[in-house]
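Novice: Here you go, sequence then predicted model.
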Amino acid sequence: MNNLLFCSCSSSIVVLLTGDALYALRRGVSDPENVLQSWDPTLVDPCTWFHVTCDADNRVTRLDLGNAKLTGKLVPELGKLERLQYLELYMNNLMGPVPAELGQLKSLVSLDLYHNNLTGFVPPSLSNLSNLKFLRLNGNRLTGRIPRELTKLGSLKIFDVSNNDLCGTIPTSGSFSKFTDESFMNNSRLEGPELMGFVRYDVGGCK
């Protein structure tokens with residue numbers, strides 16, 4: 001009986017934390033099309049909310065909010081969705097930085113934040129996402145260098161940071177050896193690629 005009680009309480013805590021994380025996103029954005037109208041914190045199970053997919057354990061595995069006309073900021077609470085596999089927030093008007101806490105989403109397969117208005121650096125913490133296959137950050141206003149740490153993402157199949165304001169040089173080691181120029185185009189301050197170590201990674205004035 002005690003074990004059953006412990007399991008039940010643990011599940012309730014997980015659902016509560018999941019709901020809190022999702023509702024933090026709702027509070028952080030403006031939603032003119034009311035696509036998040038079903039995200040009601042008084043409902044016990046956030047798996048009943050639209051645009052949210054869960055697994056058999058009622059843990060969120062997908063957020064599908066592409067082209068939803070959302071305006072606002074990504075919230076660090078998203079990093080609490082530890083079973084999340086797909087974070088689809090492309091083609092909105094999201095502003096501000098990409099939270100470093102997204103690097104806690106160890107199950108993430110796809111991170112699609114393209115065609116927003118995001119600023120700041122690409123977080124090196126994304127290198128913790130060992131299952132990541134698709135990382136699309138193109139069409140934002142991101143600055144700074146491409147983190148070298150990302151080259152260790154062995155599962156990465158698609159990487160796109162085109163149409164930003166990145167600088168420094170383009171890494172070519174690890175998983176980056178297979179990406180073409182299209183992944184990096186239209187970054188006027190980006191140099192490279194690094195060839196046999198002749199192009200320095202630490203380019204002065206890259207901020």
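Specialist: Sure thing, it's come through.
Novice: And for T53, nearest residue in space, chain neighbours not counted?
Specialist: Distance criterion Cβ to Cβ, 6 or more residues apart in numbering; nearest residue to T53, sequence neighbours excluded, is R62 at 3.7 Å. To be clear about C-beta, it is placed using only N, CA and C from the backbone, and glycine gets the same treatment.
Novice: could you list every residue that touches that neighbour?
Specialist: Neighbouring residues of R62 by Cβ atoms under 8 Å, 6 or more residues apart in numbering: V52, T53, L84, Q85, Y86, E88.
Novice: A strand includes the third one, no?
Specialist: No - for L84, which was evaluated using DSSP: H, G, I helix; E, B strand; the rest coil, the result is coil, with no strand membership.
Novice: Surely it touches K106?
Specialist: No - using Cβ atoms under 8 Å, L84 is not in contact with K106, being 9.3 Å away.
Novice: and the gap between the residue nearest to T53 and L22?
Specialist: 12 Å (Cβ to Cβ, to the nearest Å).
Novice: And L190, by the same measure?
Specialist: 35 Å.
Novice: ok so, going back, in a strand, that's where the residue nearest to T53 is, yeah?
Specialist: Yes - the assignment for R62 by three-state DSSP puts it in a strand.
Novice: Who is it paired with across the strands?
Specialist: Note on R62: beta-bridge partners by DSSP bridges are T53, Y86.
Novice: Beyond the helix-or-strand element of the chain with minimal mean pLDDT, next helix or strand please.
Specialist: Here the helix or strand of the chain ranked lowest by mean pLDDT, DSSP states H and E is helix 2-28, holding a mean of 64. The C-terminal neighbour of helix 2-28 among helices and strands, as given by DSSP states H and E, is strand 29-30.
Novice: who touches that following strand?
Specialist: Strand 29-30 has contacts (Cβ under 8 Å, 6+ apart) with L36, L70, T71, G72, K73, L94.
Novice: what's near enough to touch the second one?
Specialist: With contact set as Cβ under 8 Å, 6+ apart, L70 has these partners: V29, S30, D31, V35, L36, L89, N92, N93, L94.
Novice: Neighbours of the closest residue to the fifth one other than its chain neighbours, how many?
Specialist: Leaving aside its sequence neighbours, L36 sits nearest to R26 (Cβ to Cβ, 6+ apart; 4.9 Å). Counted with other Cβ atoms under 10 Å, the neighbours of R26 add up to 17.
Novice: No more questions from me, cheers.
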